[in-house]
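Q: Take this sequence and fold it.
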Amino acid sequence: MKFNTLALAALVAVAAPAFAAVQTAGDIGQAEYVFVATNGSGSYFQDLGTSTDALSALMNTTGSFSQSVTGAEFTKFLNFGGTNTQWAIIAAQPIGDGFNPGEINAWTTRNVNQALGTVQNSQSNDATSNLAVAFIKADNASNPKVANNHLASAFGTSTYFTNALTGFNGYFNARNAVGTSAQMVYLTPSSDTSDAPSQYEVLMNTSGSTYMASFDGTNVSISAAVTPAVPEPSTYAMLVAGLAAVGFVARRRKA
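A: Purely as a prediction, here's the structure:
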């Protein structure tokens with residue numbers, strides 16, 4: 001764990017300041033989501049440029065987020081010729097190196113068959129730290145540098161996203177097939193007991209709707225149904241009183 005934390009710090013330190021690097025540090029909620037598509041021939045990385053807090057705000061208001069993957073790097077990924085592509089959306093934020101809730105954080109899609117409450121604290125922590133290192137490494141390797149970087153990597157290269165990475169070292173599968181919708185969850189340590197189950201939370205907006213992510217081969221989308229607020233009875237009473245007052249004034253003017 002300490003090795004991964006040090007490696008992450010070193011990679012962040014050498015990140016070029018001329019572009020917006022994917023955020024994996026800072027205060028909780030500032031980590032940015034990353035989209036990863038992978039198959040046996042290559043992988044594709046895209047910094048979505050949206051923090052976990054920013055996405056939460058969107059899910060509570062519009063209930064919708066969408067971003068295209070089309071471009072030179074995604075075309076390069078397609079030209080690798082791989083099949084059975086799977087995808088994941090993950091934000092990784094190792095703030096500390098312990099087992100207290102909030103120290104190591106991951107917001108992630110989960111495979112439709114992935115059970116909750118099965119990954120242990122140490123397993124989740126190590127995998128999240130590895131993902132944060134991989135995100136920064138891919139970000140640094142992107143060329144040209146743009147606001148939110150994209151990178152296609154051939155199988156076997158140092159920036160290729162293996163199934164182990166997007167599967168939390170084999171303990172939590174975040175991937176789904178293209179065209180399949182996926183629920184999103186938050187993972188963090190539950191206690192200082194390394195083999196205890198990690199704490200998890202299914203991501204929902206203030207309307208109680210679950211975050212659902214999807215990838216159709218062109219667009220990355222996340223949505224959550226937003227229920228319009230129902231006015232309180234006192235609001236209706238104030239409206240009626242206001243209308244009555246307006247009517248009273250109008251009648252007096254006619255008189």
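Q: Please give me every residue in contact with residue 194.
A: By CB atoms under 8 Å, 6 or more residues apart in numbering, the residues touching residue 194 are 99, 120-122. No exception for glycine: its C-beta is placed from N, CA and C like everyone else's.
Q: Let me fix that, I meant to ask about residue 144.
A: Contacts of residue 144 by CB under 8 Å, 6+ apart: none found.
Q: does it count as helix, strand or coil?
A: For residue 144, the assignment made with DSSP: H, G, I helix; E, B strand; the rest coil gives coil.
Q: Residue 165 now?
A: helix.
Q: Next one: it from residue 50, what distance?
A: Per CB to CB, to the nearest Å, residue 165 is found 21 Å from residue 50.
Q: Same check on residue 69?
A: Distance from residue 69 to residue 50, by CB to CB: 14 Å.
Q: Can you show me the strands along the protein?
A: Along the chain, the segments classed as strands by DSSP state E run 32-38, 42-51, 64-68, 86-94, 104-109, 150-154, 176-177, 182-188, 199-202, 212-215, 219-223.
Q: At the geometric centre of the chain, which residue sits there?
A: Residue closest to the mean C-alpha point of the chain, counted by CA atoms, centre = their mean, is residue 33 at 3.8 Å.
Q: what does the model give that residue for pLDDT?
A: Confidence at residue 33, expressed as pLDDT, is 97.
Q: Now do the contacts for it.
A: 48, 50-52, 55, 89-91, 107.
Q: Out of the residues you listed, flag the one nearest to residue 143.
A: Checking the contacts of residue 33 against residue 143 by CB to CB gives residue 48 as the nearest, at 19.0 Å.
Q: Before we move on, what's the pLDDT of the closest one?
A: We have a pLDDT of 95 for residue 48.
Q: my read: it touches residue 148, true?
A: Yes: look at residue 48 against residue 148 with CB atoms under 8 Å: they come within range, at 6.6 Å.
Q: From start to finish, how long is stretch 155-163 in a straight line?
A: Using CA to CA, to the nearest Å, one end of stretch 155-163 lies 11 Å from the other.
Q: That stretch: which residues count as buried?
A: For stretch 155-163, a neighbour-count test (16 or more other CB atoms under 10 Å) marks 159-161 as buried.
Q: now what about that stretch, what contacts it?
A: By CB under 8 Å, 6+ apart, stretch 155-163 touches 36, 38, 40-43, 45, 80, 82, 134, 137-138, 141, 151, 153-154, 175.
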